[in-house]
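*Asks:* Here is the input, now give the coordinates:
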Amino acid sequence: MIELSRAVYDDIVYHAYGGGEAEICGVLAGTYGDDGEPSVVTDTYRAENVAETPQIRYLIDPEEQFELIETIEDDGLDVVGFYHSHPTGPTHPSETDAARATWPDHSYVICALDGYPFVGSWRWRGDDDEFEQETVSVRSER
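*Replies:* Prediction:
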């Protein structure tokens, strides 16, 4: 399970709309949930999509990803996972998404804009490109 603050959920959706026809991407930070505990996302760290075909793929430059991870850790947070959008597609990972996943047991949030925006999340289990759908909850600000 993954829990997003309302601000995080809204930021992902607005970022996705701002990307137009191109996929957007970024890193999710907060408290990493392990052993049945939910991951709690409190912050998003936007990244530039440097894919050759950003309309159907996303890619975070490795140097930028490293810098974002260092910033997240310096801020006292955990890397919870990653997010990107599917401007015209579903909320489940594509074959390419599965093939490029590299963080076992971390969340991959996808914002679909085909119709009403919907945010889904998947955990990559690290074997045979297997993703497991996880429940997304949005926490109201307190």
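*Asks:* residues in contact with stretch 85-105?
*Replies:* Residues from elsewhere that reach stretch 85-105 (CB atoms under 8 Å, 6 or more residues apart in numbering): 12, 15-16, 19-25, 34, 55, 57-59, 79, 81-82, 84, 108, 110-114, 118-120, 122-126, 129-131, 133. (Glycine included, C-beta is placed from N, CA and C.)
*Asks:* Residue 33 belongs to a helix, doesn't it?
*Replies:* No - counting by DSSP: H, G, I helix; E, B strand; the rest coil, residue 33 falls outside a helix, being coil.
*Asks:* How about residues contacting the lowest-mean-pLDDT helix or strand in the chain?
*Replies:* Counting by mean pLDDT, DSSP states H and E, the chain has its least confident helix or strand at strand 131-134, which shows a mean of 81. Residues outside strand 131-134 that contact it (CB under 8 Å, 6+ apart) are 1-2, 92-93, 98, 101, 107-108, 120-125.
*Asks:* pLDDT weak spots in this structure?
*Replies:* 127-129, 141-142 (pLDDT under 70).
*Asks:* Give me the residue at the spatial middle of it.
*Replies:* Using CA atoms, centre = their mean, the residue of the chain that lies closest to the mean C-alpha position is residue 83, 1.7 Å off.
*Asks:* That one against residue 11, yeah?
*Replies:* No - here residue 83 does not reach residue 11: they are 9.4 Å apart, not a contact under CB atoms under 8 Å.
*Asks:* between those two, what contacts are shared?
*Replies:* With CB under 8 Å, 6+ apart, residue 83 and residue 11 have common neighbours residue 44.
*Asks:* Fine by me, thanks again.
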